[in-house]
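Visitor: From the sequence below, what's the structure:
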Amino acid sequence: MKARYFAPLLAVFAFSSAQAHEVWIERDGNGPARIYLGEPAMDMPEGGDPEFGNLKAPKLIGGGSAPMVRKAGYLEVAVPAGDVRAQDDAVFKPWGPDDKKEGIVYYARAGRSDARAVMPFEIAPVSAGSSQFKLIRDGKPVADADVTVISPDKWSKSLKTGKDGTLTVPVRGKGRYLLSASHKEEGAFDTSGGKVAVLYHTATTTFVD
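Guide: Coordinates of the predicted model:
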């Protein structure tokens with residue numbers, strides 16, 4: 001009896017944790033990329049987010065094959081010059097009842113020198129170096145979607161994309177900005193953790209102004 005009531009609580013906890021967390025990439029110049037798991041609007045705990053251990057091997061998209069090194073709170077990897085992209089559907093195991101498992105896949109990008117959207121769900125600049133971005137899903141712009149902007153001083157604001165899927169980031173000063181967006185799909189999906197009926201997509205893009 002206890003297990004029957006405990007299982008839904010575990011599912012709710014897993015959903016809350018997955019939704020609260022994001023994967024993002026930071027890079028300074030052409031140095032190594034740092035891949036984080038956490039809550040970007042919050043100050044990172046010393047040693048990294050408590051869930052950081054779940055971030056094991058995000059897949060770099062066109063970024064070479066150098067080994068990832070686990071540091072205090074992030075994964076470090078040497079990558080070629082230019083924008084960096086990675087995706088990972090194995091951060092959190094699928095949760096929920098067997099007949100309607102849910103899962104999440106993260107898409108992360110650092111940089112705005114390339115206007116292309118390469119991943120299935122991505123926030124890309126309209127043009128190189130632009131403060132105007134477009135939210136793209138499967139090659140098409142996503143209109144009327146929520147995109148959260150987090151400034152270097154942790155100020156955050158939720159913006160809506162226009163009919164063409166674009167939004168303009170309010171630049172408030174020098175430093176690193178983070179954009180994030182999410183999308184929910186229902187159907188039948190294969191993930192590295194197994195089949196799921198609900199799949200959440202979360203995309204982040206960082207850039208330095």
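
Visitor: Please count neighbours and contacts with C-alpha atoms only from this point.
Guide: OK.

Visitor: So which elements touch the helix or strand hosting Thr206?
Guide: Using DSSP states H and E, Thr206 maps to strand 194-208. Applying 3 or more CA pairs under 8 Å, 6 or more residues apart in numbering; DSSP states H and E, one finds that strand 194-208 contacts strand 22-27, strand 102-110, strand 121-125, strand 176-191.

Visitor: Not counting its own residues, what contacts the last one?
Guide: Contacts of strand 176-191 with the rest of the structure, by CA atoms under 8 Å, 6 or more residues apart in numbering, involve 40, 89-90, 103, 123, 145-152, 195-209.

Visitor: Which residues belonging to the strand holding Thr206 are considered buried?
Guide: The neighbour-count check on strand 194-208 (16 or more other CA atoms under 10 Å) flags 195-208 as buried.

Visitor: send the alpha carbons of that strand over as PDB?
Guide: Taking C-alpha atoms only, strand 194-208 is exported to PDB below (Å, rounded to 0.1, in the frame of the first residue of the first chain):
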ATOM      1  CA  GLY A 194      13.800   3.800 -22.800                       C
ATOM      2  CA  LYS A 195      10.500   4.700 -24.400                       C
ATOM      3  CA  VAL A 196       8.500   7.600 -23.200                       C
ATOM      4  CA  ALA A 197       5.100   9.000 -24.000                       C
ATOM      5  CA  VAL A 198       5.900  12.600 -23.000                       C
ATOM      6  CA  LEU A 199       9.100  14.300 -23.900                       C
ATOM      7  CA  TYR A 200      10.200  17.700 -22.700                       C
ATOM      8  CA  HIS A 201      12.700  19.700 -24.700                       C
ATOM      9  CA  THR A 202      14.800  22.400 -23.000                       C
ATOM     10  CA  ALA A 203      17.200  24.600 -24.900                       C
ATOM     11  CA  THR A 204      19.700  27.100 -23.700                       C
ATOM     12  CA  THR A 205      22.000  29.600 -25.400                       C
ATOM     13  CA  THR A 206      24.600  31.700 -23.700                       C
ATOM     14  CA  PHE A 207      26.600  34.600 -25.200                       C
ATOM     15  CA  VAL A 208      29.000  37.300 -23.900                       C
END
